[in-house]
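**Q** Generate coordinates for the sequence data below:
(chains A and B)
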Amino acid sequence: MNRNTKINILLVVIVVALAVLPLALGLGDHKDEPFTGADAQAETAITEIEPDYEPWFTPLYEPPSGEVESALFALQAAIGAGVLAYYFGLRRGRRQGAERARAQEAAPAGSATDAEDARARTEDTRSRTEQV
Amino acid sequence: MHIAEGFLPPAHAIAWGVASAPFVVHGVRSLTREVKEHPESTLLLGASGAFTFVLSALKIPSVTGSCSHPTGTGLGAILFRPPIMAVLGTITLLFQALLLAHGGLTTLGANVFSMAIIGPWAGYAVYKLLKRYEAPLMVAVFFGAFVADLSTYCVTSVQLALAFPDPGSGFLGALGKFGGIFAVTQIPLAVSEGLLTVLVMRLLVQSSKGELTRLGVLLQSKRQQPRTEKTATSEKPEAPEAPEKPEKSETGASA
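**A** As a prediction, the model looks like this:
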């Protein structure tokens, strides 16, 4: 594993730790309902400050249950993750394709079919020109 | 940071809508211009929007014992400048308001103002400032994303405190109350968002060097130049000056 990958994995581990630690350490135990959403708490705070306040508009569509709501949230995350994965996959594929094409161009016609071999050979020529 | 549907008095809802509208209109113009002039950036634009989509769907536990979500707007602001994030953020907020009953149409203006306007601009300002003082790219990216996230929640706290000042302690008392709910909860999440943005930026540096250079995130790479020179010379050893010339003019044009 190279250094780049290690750093990337470390970043993910820290993010996961930041999310899991509050749960593991029981930081929500002092509340009646631990780990509710901050948005909902703000609504409660509003009704505490102004007990008479009535929301004057209701959502056009409301998910009928918590399950449906979490499904829609998962859908949102899935769409985002899918697009991101498509982007990075496409980039990686294009880069590999370009590398292969370059290697084939540089190699003699006979062995051009073996891209791996040809790439190694260009690297070899590169290092030789460096020495020159 | 989503103020729920109907939870801002009409006057406030309209005022925030009026404040946000010009930014979004300007953002739509910037976006169409970017796509027209650089069709190749459409993919990365999509990826930036997707990042916001993912992050704002994840409600993550925080040290205060409640849950909140990152915004993901820092990345796009750093890559494409804040106006474009005004559009991408608004799309995300609309999706959540219409399908998830999260946020709302009457509070869309206020939510757009915090998440799609102030957040990206504040993050972008910090990123630019750090880069001016020659901070390493990833340090600037981390703090840019961190500030974009946290400032969004601070703005939400201000918006709610303005609408619902505490009867005893007034605006400041309410600000303390809402700030305690939003801003404090958000600090570890903003750290997470900063780290995730750094992660994505690292992957982009690996995969999309050319694009990042065009967008001005990366400087004309020094490592890439000699490599193209080398391959060029190994192909045409008899004319080593030829490939050098266009490269020099390229650097001149972009400088």
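**Q** contacts and neighbour counts: CA atoms only from here.
**A** OK.
**Q** And B:H69, how far from A:F73?
**A** Distance of B:H69 to A:F73, computed by Cα to Cα, to the nearest Å: 12 Å.
**Q** Name the residues contacting each of those two.
**A** B:57-58 (Cα atoms under 8 Å, 6 or more residues apart in numbering or on different chains).
**Q** Of those two, which one has the most company?
**A** With neighbours defined as other Cα atoms under 10 Å in any protein chain shown, B:H69 and A:F73 compare such that B:H69 has more, 25 against 21.
**Q** Quick check on that one: phi, psi?
**A** phi -130, psi 150 (degrees, to the nearest 10).
**Q** What of A:S65?
**A** Dihedral angles (degrees, to the nearest 10) for A:S65: phi -150, psi 170.
**Q** What residues of stretch A:38-51 count as buried?
**A** Buried residues in stretch A:38-51, defined by neighbour count with 16 or more other Cα atoms under 10 Å in any protein chain shown: A:38-43, A:45-46, A:49.
**Q** Same question for stretch B:101-115.
**A** Residues of stretch B:101-115 classed as buried: B:101-115 (neighbour count, 16+ other Cα under 10 Å).
**Q** Also within reach of chain A: list those from the residues you listed.
**A** Residues of those in contact with chain A (Cα under 8 Å from any Cα of the partner chain): B:101, B:104-106.
**Q** List just the nearest of those to B:G168.
**A** B:T106 (27.8 Å; Cα to Cα).
**Q** List the residue ranges of the chain that fall below the pLDDT cut-off.
**A** Let's take chain A. Applying pLDDT under 70 to chain A flags the ranges A:108-132.
**Q** ah, no, chain B please
**A** Short version for chain B, where the test is pLDDT under 70: B:220-255.
**Q** Find the nearest non-adjacent residue to the residue positioned nearest the centre of chain A, please.
**A** By Cα atoms, centre = their mean, the mean C-alpha position of chain A lies nearest to A:A81, the distance being 6.1 Å. Using Cα to Cα, 6 or more residues apart in numbering or on different chains and skipping residues adjacent in sequence, the residue nearest A:A81 is B:V54, 6.2 Å away.
**Q** hang on, that neighbour packs against A:L84?
**A** No - using Cα atoms under 8 Å, B:V54 is not in contact with A:L84; the gap is 9.2 Å.
**Q** quick one, domains of chain A?
**A** A:1-57, A:64-132 (automatic domain parsing).
**Q** Would you mind naming the helix or strand containing residue 13?
**A** By default, I'm working from chain A. helix A:3-24 (DSSP states H and E).
**Q** wrong one, chain B
**A** In the assignment (DSSP H and E), B:A13 maps to helix B:10-37.
**Q** A:P63 too?
**A** Here A:P63 is assigned to no helix or strand, by DSSP H and E.
**Q** List the contacts of the helix holding A:V13.
**A** A:28, B:60-63, B:65, B:188-189, B:192, B:195-196, B:199, B:202.
**Q** In CSV, list the domains of chain A along with distance to B:V25.
**A** Listed next are the domains of chain A as CSV, based on distance: least, Cα to Cα, whole Å:
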stretch, distance to B:V25
domain A:1-57, 25
domain A:64-132, 24
